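Next one to model:
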Amino acid sequence: MSLNAANISIRTISRFAAFAGMAALAFCCWQPSAAEPSAGKPHISAVIHRPQVISHRGGRKWAPENTIVAFKKSLDVHADGIELDIHRCKSGELVVIHDENVGRTTNGTGLVKDLTYAELRRLGAGAWFHSEFKSEHLPLLSEVLELIDGKALLNIEIKNAPVGYPGIDDDLIKLLATYKHADKIVISSFDHELLQRIHKKAPQYKVAILVDGLLVDLGKYASIVGAKSWNPGFELIRADNVAQAHKDGLEVNVWTVNKPEQWKAAVEMGVDGIITDNPKGLLEYLDKRGATGK
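Numbers count the residues shown, from 1 in each chain. Next up is the predicted model:
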């Protein structure tokens, strides 16, 4: 080999070594970017909003509505919240039942307001759903509070029409005074005057206006009532309504949403809570979708 050839070879080797060193340094410093998924991990392009799962009347798909067994099942699957309804009976207790008449969900007849709790307690509230629930009875709200004990959000809907219960707001506030989890109570109703009174008397409880339609200037209206939440029927809202409600500082919880295509639409609207008869199904849907908490 000539001297010139040897010099060329040395220069070539030096250049190659320098290039290799730079490549090694670049490799050591490289890390996957947000747009480049790590090996073995699925790529998620965006975080998916996860609304709260709220059992409608305890979950009507798996147990008789508004019964202790339904509420227990909701707790067992770790639903975020439980929605229920209350009336006041003749002897003054707040009873958990949806209708003003006991005929649909018990083996009795008559209006709740005309029956004492001793009479209501004797009624069966589960056999109509399935024979395995024949021992279920109409629970008192106080029993449900003892069961829930802060383990889930509790949305109490006050029924005050067509039967009116003068002073039911005071009855509820008095009962809730013994409950240690005021931050996990929501009081809702279609009677917005009642909600306004509750807000003024006990502002520690969040109130939610139930609405079966769209309102003009929802934010202003909610502020008059003292509401922090808007609970509309799912079939009557759009994504722009949800966005405006959020802009007005309101949470949005929609009812009653039971089908996967409806769950998908509600999630994409960005609602804060979904009230459903099938909480277990909704929880499984959200898990499968890969939704994450806020």
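
mind showing which ranges of the stretch 151-294 of the chain have poor pLDDT?
Filtered on pLDDT under 70, the stretch 151-294 of the chain yields the residue ranges 291-294.

at 90 what do you get?
By pLDDT under 90, the low-scoring segments of the stretch 151-294 of the chain are 290-294.

now the strands for it?
Per DSSP state E, counting those that start in this stretch, the stretch 151-294 of the chain carries strands over the ranges 153-158, 185-189, 206-211, 229-232, 251-254, 273-276.

would you list these in TSV and tack on mean neighbour count?
Every C-beta, even on glycine, is put in place using the N, C-alpha and C of the backbone. Output for the strands of the stretch 151-294 of the chain, formatted as TSV (neighbours: other Cβ atoms under 10 Å):
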stretch	mean neighbour count
strand 153-158	24
strand 185-189	24
strand 206-211	22
strand 229-232	24
strand 251-254	24
strand 273-276	28
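
Of those, give the one that comes closest to residue 133.
Closest approach to residue 133 among those (Cβ to Cβ): strand 273-276, 19.9 Å.

Please compute how far that closest one lies from its chain's middle.
Its chain's average C-alpha position is 5 Å from that of strand 273-276, according to Cα atoms, centre = their mean, to the nearest Å.

Residues in contact with it: which ones?
51-56, 59, 80-81, 83, 155, 231, 251-258, 263, 266-267, 282 (Cβ atoms under 8 Å, 6 or more residues apart in numbering).

The same query, at a cut-off of 7 Å, please.
Residues from elsewhere that reach strand 273-276 (Cβ atoms under 7 Å, 6 or more residues apart in numbering): 51-54, 56, 81, 83, 253-258, 263, 266, 282.

Same question for stretch 135-152.
Taking Cβ under 7 Å, 6+ apart as the rule, stretch 135-152 contacts 64, 67-69, 71, 74-75, 79-82, 84, 86, 93-97, 106, 117, 120-121, 123-126, 154, 175, 179-181, 184.

what about 8 Å?
With contacts defined as Cβ under 8 Å, 6+ apart, stretch 135-152 is touched by 64, 66-69, 71-72, 74-75, 79-82, 84, 86, 93-97, 102, 106, 117, 120-126, 154, 156, 172, 175-176, 178-181, 184.

Buried ones from those, can you make that a ChimeraX selection?
Typed into ChimeraX, the line below selects the buried ones among the contacts of stretch 135-152, using 16 or more other Cβ atoms under 10 Å:
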select :64,66,67,68,69,71,74,75,79,80,81,82,84,86,93,94,95,96,97,102,106,117,120,121,123,124,125,126,154,156,172,175,176,179,184
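
returning to what we had before: columns distance to residue 195 on top of the strands of the stretch 151-294 of the chain, output as CSV?
Output for these, formatted as CSV (distance: least, Cβ to Cβ, whole Å):
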stretch, distance to residue 195
strand 153-158, 8
strand 185-189, 5
strand 206-211, 4
strand 229-232, 10
strand 251-254, 14
strand 273-276, 17
